[in-house]
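S.K.: Sequence and predicted structure below; questions after.
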Amino acid sequence: MLGDVLTSTIIADQLKIIYPDAHLDYLIIAHAGALVAHHPAIDNLIKVTKSDFEKMSFIISLSRKLKHNKYDLLIDAYGKNNSAVLSLLSRAKQRIGYKKWFSRLAYTEVVDKKTKDFVYTTGEALGSRMALTYPLSKNIEWELKPKIHLTQQEKEQGYLWLKEHKINPDKPLVMISVLGSSPNKSYNYDYMARVIDTIALNSTARILFNYIPSQLQEATAIYRACLPETQEKIAIEVFAPSIRDFLKILFHCNAIIGNEGGAINMGKALNIPSFTIFSPWIRKKVWNIGENETSNVSVHLQDYLPELYGSDLPAKKKSEALKLYKRFEPHY
């Protein structure tokens, strides 16, 4: 969800280009608010919880509030049943959403993600979102990428926090996205340890781990699988207590490396060089945002062993993800 929230901010950026004086509200999951704080194109956040948004009673209640705001335009970047119902009940004058079975009922204008007229310059996840503004203007800034906006004070806070934890921010620092959001999005633990060993062997960088508190046991297992000399370079106990605190620290890193997901997208949005390991069942060309073969690079099992996929899309391999990860050997 974090990657989705961050990626969708480019819609706000494009809307401010089309309508410089517009007031923009962004309806998002509450805990993702940290990603869009201080965003110059977003004037107000409407925060909801995931559990509430799944209840039709909540959708009806929320729609009354949206209707009261008398929106001229509503864009549904989520594209699920509940957001479609909310769009319809909002009574916004113009409502734009993706082409689905319910779209003609919910929206006044529909966008087909597969239309070849749209120019996907850097990942379909960005292109498909930007396409939602196509009914408003044919002059689309297709090169727009998500950005996270930290204040100068926050940058200084991150710097001091690292110093307090005995890490020199003026020396090379690498963040490892050590685990994905689920087991089928997490590179094999032993293989990840070999990747980290290689980083340690070929650089003088201190190494930080990114994970959520519930993943401490798994992160520790990867740490213990690393060579002793690698472990000396890893500050596994240095852990940011919140998303915004993580961003303050990530800003001072020289690179983020590891599993594709929210942390990698945050790094890119802070203009941090990245190396991304994709899950075998995720389509690389959808989420290879900003890939340029220099500062943003990614790898996928399909790059090395295309015969494992044949004519199948990676999503067809979701049930085989853990087995396929074993084929994605670190020497690649």
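M.R.: Cool, got the structure.

S.K.: Residue 265 falls within a helix, correct?
M.R.: Yes: read with DSSP: H, G, I helix; E, B strand; the rest coil, residue 265 is one of the residues of a helix.

S.K.: excluding its backbone neighbours, what's nearest it?
M.R.: Once its chain neighbours are removed from consideration, residue 265 has its nearest residue in residue 3; the separation is 4.4 Å (Cβ to Cβ, 6 or more residues apart in numbering). C-beta: built from backbone N, CA, C; applies to glycine.

S.K.: Also residue 79?
M.R.: Counting by Cβ to Cβ, 6+ apart, residue 98 is the residue found nearest to residue 79 once chain neighbours are left out, at 4.4 Å.

S.K.: Quick check: bridge partners of the one you found?
M.R.: Residue 98 has the following beta-bridge partners by DSSP bridges: residue 111.

S.K.: quick one: it and residue 57, what's the gap?
M.R.: Relative to residue 57, residue 98 is positioned 25 Å away (criterion: Cβ to Cβ, to the nearest Å).

S.K.: same deal with residue 78?
M.R.: 18 Å.

S.K.: who has more neighbours, the two?
M.R.: Each of residue 78 and residue 57 has its neighbours counted (other Cβ atoms under 10 Å); residue 78 has more, 20 against 8.

S.K.: what about the closest residue to that one other than its chain neighbours, which SS state?
M.R.: Counting by Cβ to Cβ, 6+ apart, the nearest residue to residue 78 once its immediate chain neighbours are dropped is residue 4, at 7.9 Å. The three-state label for residue 4, taken from three-state DSSP, comes out as helix.

S.K.: Kindly state the pLDDT recorded for residue 4?
M.R.: As summarised for this prediction, residue 4 has a pLDDT of 88.

S.K.: how close does it sit to residue 262?
M.R.: Using Cβ to Cβ, one obtains 9 Å as the distance from residue 4 to residue 262.

S.K.: Comparing the two, which residue is more hemmed in?
M.R.: Remark: of residue 4 and residue 262, residue 262 carries more neighbours, 23 against 16, as counted by other Cβ under 10 Å.

S.K.: thought that one was touching residue 181?
M.R.: Yes: counting by Cβ atoms under 8 Å, residue 262 does reach residue 181; the two are 7.2 Å apart.

S.K.: Surely residue 96 is in a strand?
M.R.: Yes: secondary structure assignment places residue 96 in a strand (three-state DSSP).
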